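Student: just a sequence and a predicted model for now, questions to come.
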Amino acid sequence: MGITTTTYSTFTKRGIAKRRSPHRGSLKVRRLRSRDRFFWLSASDGVSRLVNANNSVPEQVNDYTFAPSKFRHEPYPITLPVGRVWPPRQIDDLVGAIGSEHTDCVGDTCYNGNICEDLDCTHTLSDWRTATSDWETYFELRMTEHRGVGVYTKRAFRQGTILGWYSGELRTLSSMEYNTNAYLMEIEIGDLGSNTPVESVPTVFIDGEQKGNWTRFINHSCAADCVFRIMRVGSTRIMAVQAVRDIPRGKELSVDYGQEYYGLTTLKICACGVPGCVSRKRARIGNVKRCKRVAPPVFV
Ligand SMILES: C[S@@+](CC[C@H](N)C(=O)[O-])C[C@H]1O[C@@H](n2cnc3c(N)ncnc32)[C@H](O)[C@@H]1O
């Protein structure tokens, strides 16, 4: 999973194996502290409750972060042009935009569908972060019945609109050892247009588990209305979230995590509940658990 021959992406299957279910354990009601704010819901009764269901409190970080020391022993990526800074000292040393995404700068604002094609533009990740920090104007987090927290729209969006980006800590596979999780997104390093076979292209993981933004809550659907797509902001590569159809107000956002995550041969059971759901197909083919029937989402 992760980056394939297309520029669309999804959560990495490396995050599945050792993951504990994020849905076990009871929801705790705690005093509201500023760093928790992201993960609280205001229910219709006016009481705020902690959203996170696995008893840890991730931080809302609408940015890339990384520890340069973690890359000290990583080999020079074969897709990085000769002479680049390595090990990386800044974000662009690691996820600089080089390659076929060159026409796809999202500019410095979101939700407007304007794509900048100027290779020498002055758009910056810093401006983009500012423009995407007011996400609560457009989206809200709600607890679903079978799929943990999900993201719901507060207004309608047109097909093609860029809704946000996947942020988090940039990590190497070796730095994670066995500590994998369900919030890992793989993004390529270096020249996207190089002739390197897909399976050999070096990648870095955007880990949204401890530090991330609202997009880490986008659930899977077998009839998804969004994709994760490599784009750029000025000179920086990002994993943007793009609407692939018109999305009405009040709808849950979804992406397709791919066949390696929810597929005909995987063990995980998808609870998206759509008629063409892969877990329903699996149930028809063999004697396996069916896709759960999904009730309407509820506030807790
Ligand atoms: C990236 S997280 C999405 C946010 C997650 N719901 C949460 O509460 O943090 C991916 C995890 O959400 C759950 N999930 C997402 N889509 C699902 C689906 N269609 N059916 C069942 N579980 C789903 C699974 O536990 C999956 O490993």
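Tutor: Yes, it's here.

Student: every contact and neighbour count from this point should use C-alpha atoms.
Tutor: Fine.

Student: please tell me how far the residue most central in space within the chain sits from the ligand.
Tutor: In the chain, the C-alpha closest to the average C-alpha coordinate belongs to residue 166, at a distance of 4.4 Å (CA atoms, centre = their mean). As defined by CA to the nearest ligand atom, to the nearest Å, residue 166 lies at a distance of 10 Å from the ligand.

Student: can you give me every residue that contacts that residue?
Tutor: Under the criterion of CA atoms under 8 Å, 6 or more residues apart in numbering, the neighbours of residue 166 are 185, 206, 208, 212-213, 215-216, 238-241.

Student: using JSON lines, lay out those together with distance to the ligand.
Tutor: Compiled in JSON lines, the contacts of residue 166 are given as follows (distance: CA to the nearest ligand atom, whole Å):
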{"residue": "185", "distance to the ligand": "9"}
{"residue": "206", "distance to the ligand": "12"}
{"residue": "208", "distance to the ligand": "8"}
{"residue": "212", "distance to the ligand": "11"}
{"residue": "213", "distance to the ligand": "11"}
{"residue": "215", "distance to the ligand": "8"}
{"residue": "216", "distance to the ligand": "5"}
{"residue": "238", "distance to the ligand": "17"}
{"residue": "239", "distance to the ligand": "14"}
{"residue": "240", "distance to the ligand": "15"}
{"residue": "241", "distance to the ligand": "13"}
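
Student: switch those over to CSV; also include neighbour count, pLDDT and secondary structure.
Tutor: Putting the contacts of residue 166 into CSV (neighbours: other CA atoms under 10 Å; pLDDT from 0 to 100; DSSP: H, G, I helix; E, B strand; the rest coil) gives the following:
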residue, neighbour count, pLDDT, secondary structure
185, 28, 92, strand
206, 26, 95, strand
208, 27, 89, coil
212, 24, 89, strand
213, 24, 91, coil
215, 25, 95, helix
216, 23, 92, helix
238, 26, 94, strand
239, 23, 94, strand
240, 24, 93, strand
241, 26, 95, strand
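
Student: tell me the one of the residues you listed nearest residue 132?
Tutor: residue 213 (9.8 Å; CA to CA).

Student: all set now, cheers.
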